[in-house]
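K.L.:
No sequence on hand, only this structure:
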Ligand SMILES: NC(=O)C1=CN([C@@H]2O[C@H](COP(=O)(O)OP(=O)(O)OC[C@H]3O[C@@H](n4cnc5c(N)ncnc54)[C@H](OP(=O)(O)O)[C@@H]3O)[C@@H](O)[C@H]2O)C=CC1
Ligand SMILES: O=C(O)C1=N[C@H](C(=O)O)C[C@H](O)C1
């Protein structure tokens, strides 16, 4: 049997960090080698899986070199500035990275692509298999409904989410825009207010809802005359994101440098 894949987790006391620690603890082919968090986190120094009642022997640290020591893959669900700092350290230590963080600017995405010339990086705004299958359905739907249908993307998330629209909604917009030969940067409309005038048919609209503990709902509406089509995905557990991240870690463990997405991991490319 191959030796287990050594996994480090960033944002280890966050919502996704904890999910990932639990998911790693429940595999027999991955093992937790390091756990990172911000220096101000009250979790620093604690055992990373103490919350499971099953100590891992790995203490949460803010020291990047310590957190990455021995790791084959880092899984990072934090914030854009944190992820970029982690990637620079991954590159220095030859560690591959699975990035789930959302909210990157175009300049930050270019920085990630540059790091991917030196280490393997799998980046996706949504690691669930279902959402990535929905992306394929959207491509098909947009090509077939390429005239006479107004496209609106509606997403809903919990009250703690800090970026909007969600990374998944933006990716859905890109998939639809690409299928229609449009540039999302030119045709996106982010919310409406006041006297907006009639809808421009070439636009793709986004609407954001934030509240409670909604894990993540996305709907793409194709509104025509006499009918409308809605393609929806609703998450009821973060476990799907963690399982997708582990699939990505296994994928990267046997690859060299390059920038990959979930289509590569799932064989949907
Ligand atoms: N791709 C996907 O499938 C999914 C992506 N996400 C994305 O993952 C990210 C995290 O989500 P979630 O777990 O809910 O968020 P949380 O706020 O629960 O967790 C974020 C973690 O990162 C830490 N952190 C914050 N800022 C930094 C920084 N600058 N450097 C290092 N660590 C930092 C936080 O520490 P502290 O709390 O002490 O600030 C916390 O431990 C978001 O961008 C979200 O959109 C979420 C779910 C699925
Ligand atoms: O912050 C979240 O929670 C989520 N973020 C991702 C996004 O921005 O698309 C993925 C998922 O929807 C949950």
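P.N.:
Yep, that arrived. A quick note: this is a predicted structure, and the numbers were derived from the prediction, not measured. Residues are numbered from 1 along each chain as shown. Ligands and ions are numbered 1, 2, ... in the order given.

K.L.:
all helices for the stretch 151-269 of the chain, in order.
P.N.:
Secondary structure of the stretch 151-269 of the chain (DSSP state H, counting those that start in this stretch): helices located at 167-179, 184-187, 239-253, 262-266.

K.L.:
Indicate which one of those helices is closest to residue 97.
P.N.:
Evaluated over the helices of the stretch 151-269 of the chain, closeness to residue 97 peaks at helix 239-253, with 7.7 Å, by C-beta to C-beta. Bear in mind the C-beta positions are built from the backbone N, C-alpha and C, glycine included.

K.L.:
Outside of the closest one itself, list whatever touches it.
P.N.:
5, 7, 16, 19-20, 22-24, 27, 29-30, 72-73, 75, 77, 96-98, 100, 120-122, 124, 126-130, 132, 235, 260, 262, 264-266 (C-beta atoms under 8 Å, 6 or more residues apart in numbering).

K.L.:
try it again with 7 Å
P.N.:
5, 7, 16, 19-20, 23, 27, 30, 72-73, 75, 96, 98, 100, 120, 122, 127-130, 262, 265 (C-beta atoms under 7 Å, 6 or more residues apart in numbering).

K.L.:
is ligand 1 contacted by it?
P.N.:
Yes. Judged by C-beta under 6 Å from any ligand atom, helix 239-253 and ligand 1 are in contact via residue 241.

K.L.:
Averaged pLDDT, that helix. What do you get?
P.N.:
Regarding helix 239-253, the rounded mean pLDDT is 98.

K.L.:
Are that helix and ligand 2 in contact anywhere?
P.N.:
No. Interface with ligand 2: helix 239-253 contributes nothing (C-beta under 6 Å from any ligand atom), its closest point being 6.7 Å away.

K.L.:
Close to ligand 1: what parts of the stretch 1-150 of the chain are there?
P.N.:
Residues of the stretch 1-150 of the chain lying near ligand 1 by C-beta under 6 Å from any ligand atom: 10-11, 13-17, 37-38, 41, 77-79, 81-82, 100-103, 124-127.

K.L.:
show me where this structure has strands.
P.N.:
Here the chain has its strands, by DSSP state E, at 5-10, 30-36, 60-61, 73-76, 96-99, 120-123, 150-157, 188-190, 204-210, 216-223, 228-235, 258-260.

K.L.:
now the ones you listed as a markdown table including distance to residue 246?
P.N.:
Below are the strands of the chain laid out as a markdown table (distance: least, C-beta to C-beta, whole Å):
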| stretch | distance to residue 246 |
| --- | --- |
| strand 5-10 | 8 |
| strand 30-36 | 6 |
| strand 60-61 | 20 |
| strand 73-76 | 8 |
| strand 96-99 | 9 |
| strand 120-123 | 11 |
| strand 150-157 | 23 |
| strand 188-190 | 32 |
| strand 204-210 | 28 |
| strand 216-223 | 18 |
| strand 228-235 | 17 |
| strand 258-260 | 15 |
